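Colleague: Need coordinates for the following:
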Amino acid sequence: MEKEGYTILHDLLSKDLQLEEDEALISGEEKPDLNLFHQKLTILVLYLLDRDMPRLLNAMYRLDVNEQKFHEVMQSESKEEAASNIARLVLEREMQKVKTRLHYKTHRKF
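Modeller: Okay, the predicted model is just below:
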């Protein structure tokens, strides 16, 4: 994915997860890729699982993550595995939005 796609992904995640500026997933010094997003998102989800489940559930609703898939991954063997799987679901959903935005941006006619 090109840099523009990663910028859109970062912005969507920040908005949908209601992250403050000091909570940015990726810093300006880091070269973004999906693995890095997954790693950082897993850490955030693990934190939310431990300390702020209502915020996590609210984010899943805003992100429009499939409820059945969410409940399935919550049955994972460990919190770490659940966090990683939730991060994967979030990235899959947000990538759908990124692809849609890029598609309509390039096909817009004025």
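Colleague: neighbours around Thr106, how many?
Modeller: Close neighbours of Thr106, defined as other Cβ atoms under 10 Å, add up to 7. Every residue, glycine included, has its C-beta placed from N, CA and C.
Colleague: Ramachandran coordinates for it?
Modeller: phi -80, psi -20 (degrees, to the nearest 10).
Colleague: which residues touch it?
Modeller: Under the criterion of Cβ atoms under 8 Å, 6 or more residues apart in numbering, Thr106 has no neighbours.
Colleague: Would you mind measuring from it to Lys99?
Modeller: 11 Å (Cβ to Cβ, to the nearest Å).
Colleague: Also Lys105?
Modeller: Taking Cβ to Cβ, one finds Lys105 at 11 Å from Lys99.
Colleague: For those two, indicate the residue with more neighbours.
Modeller: Lys99 (13 against 10).
Colleague: Give me the neighbour count for Val98.
Modeller: Val98 has 20 nearby residues by other Cβ under 10 Å.
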